[in-house]
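Chemist: Give me a 3D structure for the following:
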Amino acid sequence: MLFNSLAYLIFLPIVVGLYWLVPVKARIPLLLIASYVFYMFWKPIYGLLILALTLINYALGLLLAKTPHKKLVLTLSIVINVAVLVFFKYAYFLHDAAQNISNFLHLPQPPGFAFSIILPLGISFFVFEFIHYLVDIYRGGQPVRSLLQFALFPSFFPTQIAGPIKRYQDFIPQLNKKLALSAVEFNEAIELILFGMFKKVCLADNLAPIVNRCYAHADILNGADLWLAAYAFSFQIYFDFSGYTDIARGSAQLMGFKVPLNFNLPYLSNSITEVWRRWHISLSSWLRDYLFIPLGGSKHGTLATYRNIFITMSIGGLWHGASMHYLVWGMFMGLLLIMHKEWRRLCDAVPAINTVIQTKLFNIFAIALTFCAWTVGLVIFRAENMKVAGTVLGKLFDLSQAFQPPTMLTTSSSILFALLPFALIGLFAAQVVVSKLKQSPGIMPDFPRIPGFKPVYLAMLLIILLVSCPDSTPSFIYFQF
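Modeler: As a prediction, this is how the structure comes out:
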């Protein structure tokens, strides 16, 4: 079930209404049933998968808490979860790799699959939640004793398909509190949902056709066209994924739940390190806590630190999909993070440089440079394969095409697209002002204290949604991960 579907617009009010009407003891079973209905709406058979993983990890968590052989049980637990993820997500990728190796070494071909493997929605997210749960118990945390509460942890429908990745220490205690919803929290939840829909439907979905056309015809477009397409995708994926997160957070808040913040104006970051502190925060923190630190973190010298960064980001890239271009994207991000650390070492060693980087002018330059580097990385991420990525990147940096006008600016819609960056700059500038006024991360606009302003604003959002909604709205980008 998609957040931007009619089915969800019917499903959510019914679940929320029932949640507040039923007795408190019935709320967890209700949410559990609703979450499984939500998940099985696409392919009912995969409800058995999340149920089986839930039962296995529940039993492993209890065993891990009392066994003297904690390391063995933890290793077995991680192997089981990773094996399921690898089977569903990387079986074809590994099979193709084995075929290529066999061809190169002139060995017999590995047998093919006698059946089709369809990737279950959200498997990467709830497998990461299971692994976090087991590792934290290994480190001394207490297991969840209630099977119903534990079952709701990975299946909670607002965060089930594309996160944010929850921590059980944050989520489970909310199930044990008598949740209530104030009028202010209700209004904030509705604002989050509408604003998330606006970002997804009005912004991301209207950028998608242009991006798709450009990447489909990269061989006949020039560098200027592809730079516009690259920047367009940077904004498309931000509005798409942050829009999803807003809807998820708003949906959860309608039932009194708080889920983690996942975006904090990442495109205003002045370094790639800061981008990863503000972009997909729940994944970045997971990779840090359960991959980078266990690898050794930054405790064993510079080279070991850089090795751990590179491995972590490479695995993080491959987590996004079973394709070489995702792995290369992760490696590229790892290299950018390493380069930034080297830059910081140089700045610390040369006081004159450190003085320059403290200026506002350099900060603006750093933000622009960081966004350009991030956009180049997203070219690899967006391309269907490395061949397309190579074509686009080659034209982006072909100086012979640097001063050619973009050929796609021949239609009125494309001219409007060319003006889009200026509108987006205004949007982000407004968010910065709002965040400064609120003295807190500016994710949602704060409203002036003018009678009737908020209803008018929400009504305008609804009108814009109805007017600018594309004929068909695609699923969220991160649903495929």
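Chemist: show me where the stretch 201-350 of the chain has helices.
Modeler: For the stretch 201-350 of the chain, helices defined by DSSP state H, counting those that start in this stretch occupy the ranges 205-216, 223-253, 272-278, 281-287, 302-319, 324-349.
Chemist: packing partners for the fourth one?
Modeler: This means helix 281-287. Secondary-structure packing of helix 281-287 (3 or more CB pairs under 8 Å, 6 or more residues apart in numbering; DSSP states H and E): helix 123-138, helix 302-319. For glycine as for every other residue, the C-beta is placed from the backbone atoms N, C-alpha and C.
Chemist: And the following helix or strand past the first one, what's buried?
Modeler: The reference is to helix 123-138. Note on helix 123-138: by DSSP states H and E, the next helix or strand toward the C-terminus is helix 147-155. Across helix 147-155, burial judged by 16 or more other CB atoms under 10 Å covers 149-155.
Chemist: just stretch 46-64 next, same as before
Modeler: 46-47, 49-50, 53-54, 57-58, 60-64.
Chemist: residue ranges with poor pLDDT in the chain?
Modeler: Along the chain, segments meeting pLDDT under 70 span 113-115, 401-403, 406, 408-481.
Chemist: the longest helix in it is where?
Modeler: Longest helix in the chain, counting residues (DSSP state H): helix 70-105.
Chemist: Just list the residues touching residue 28, thanks.
Modeler: 148-149, 152, 175 (CB atoms under 8 Å, 6 or more residues apart in numbering).
Chemist: please redo it, this time with the cut-off set to 6 Å
Modeler: The contact partners of residue 28, by CB atoms under 6 Å, 6 or more residues apart in numbering, come to 148, 152.
Chemist: does it count as helix, strand or coil?
Modeler: With DSSP: H, G, I helix; E, B strand; the rest coil as the basis, residue 28 sits in helix.
Chemist: Okay, it and residue 152: tell me how far apart.
Modeler: To residue 152, residue 28 is 6 Å away according to CB to CB, to the nearest Å.
Chemist: Residue 3 too?
Modeler: Per CB to CB, residue 3 is found 19 Å from residue 152.
Chemist: One more: residue 140?
Modeler: According to CB to CB, residue 140 and residue 152 sit 23 Å apart.
Chemist: what do you get for residue 117?
Modeler: From residue 117 to residue 152 the distance is 27 Å (CB to CB).
Chemist: same question, residue 184
Modeler: Separation of residue 184 from residue 152 (CB to CB): 26 Å.
Chemist: Equivalent analysis for residue 47, please.
Modeler: 14 Å.
Chemist: again, but for residue 102
Modeler: 45 Å.
Chemist: quick one, domains of this protein?
Modeler: 6-179, 184-480 (automatic domain parsing).
Chemist: any idea which of the helices of the stretch 201-350 of the chain is most buried?
Modeler: Comparing these by mean neighbour count (mean count of other CB atoms under 10 Å), helix 223-253 ranks first with a mean of 24.
Chemist: So residue 157 is in contact with residue 33, correct?
Modeler: No - counting by CB atoms under 6 Å, residue 157 stays clear of residue 33, with 10.3 Å between them.
Chemist: who's in contact with stretch 96-106?
Modeler: Contacts of stretch 96-106 (CB under 6 Å, 6+ apart): 109-110.
Chemist: What distance do you get for residue 358 to residue 265?
Modeler: 21 Å.
Chemist: Name the residue in these two with the higher neighbour count.
Modeler: residue 265 (17 against 10; other CB atoms under 10 Å).
Chemist: Can you give me every residue that contacts the more buried one?
Modeler: Residue 265 touches nothing, counting by CB under 6 Å, 6+ apart.
Chemist: Same question for the one 5 residues further on.
Modeler: Contact criterion CB under 6 Å, 6+ apart gives 363, 366-367 as the residues in contact with residue 270.
Chemist: The nearest residue to it once chain neighbours are set aside: which element?
Modeler: The shortest distance from residue 270 to any non-neighbouring residue, by CB to CB, 6 or more residues apart in numbering, is to residue 366 (3.8 Å). Element membership for residue 366, per DSSP H and E: helix 360-382.
Chemist: how far does that helix sit from the chain's center?
Modeler: How far helix 360-382 lies from its chain's middle: 19 Å, per CA atoms, centre = their mean, to the nearest Å.
Chemist: contacts for that helix?
Modeler: Defining contact as CB under 6 Å, 6+ apart, one finds that helix 360-382 is touched by 230-231, 233-234, 267, 269-272, 275, 325, 328-329, 332-333, 336, 356, 389, 392-393.
Chemist: same deal with stretch 43-61?
Modeler: Outside stretch 43-61, the residues touching it (CB under 6 Å, 6+ apart) are 36, 39-40, 77, 120, 130, 137, 143, 147, 150-151, 155.
Chemist: chain center to that stretch, what's the gap?
Modeler: Offset of stretch 43-61 from its chain centre (CA atoms, centre = their mean): 23 Å.
Chemist: CA atoms only for it, dumped as CSV, please.
Modeler: Provided in CSV are the C-alpha atoms of stretch 43-61 (Å, rounded to 0.1, in the frame of the first residue of the first chain):
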residue,chain,number,x,y,z
LYS,A,43,1.8,-9.5,-1.8
PRO,A,44,0.0,-11.4,0.9
ILE,A,45,2.6,-14.3,0.9
TYR,A,46,5.3,-12.0,2.3
GLY,A,47,3.3,-11.5,5.5
LEU,A,48,4.6,-15.0,6.3
LEU,A,49,8.2,-13.8,5.8
ILE,A,50,8.0,-10.9,8.3
LEU,A,51,6.1,-13.1,10.7
ALA,A,52,8.7,-15.9,10.6
LEU,A,53,11.6,-13.4,11.0
THR,A,54,9.8,-11.8,13.9
LEU,A,55,9.3,-15.2,15.7
ILE,A,56,12.9,-16.3,15.1
ASN,A,57,14.4,-13.0,16.3
TYR,A,58,12.1,-12.9,19.3
ALA,A,59,13.3,-16.3,20.4
LEU,A,60,17.0,-15.4,19.6
GLY,A,61,16.7,-12.2,21.7
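Chemist: and the angle for the helix or strand hosting residue 173 with helix 147-155?
Modeler: Assigned by DSSP H and E, residue 173 falls within helix 168-175. Relative orientation of helix 168-175 and helix 147-155, computed by axes from the mean of the first three to the mean of the last three CA atoms, to 10 degrees: 120 degrees.
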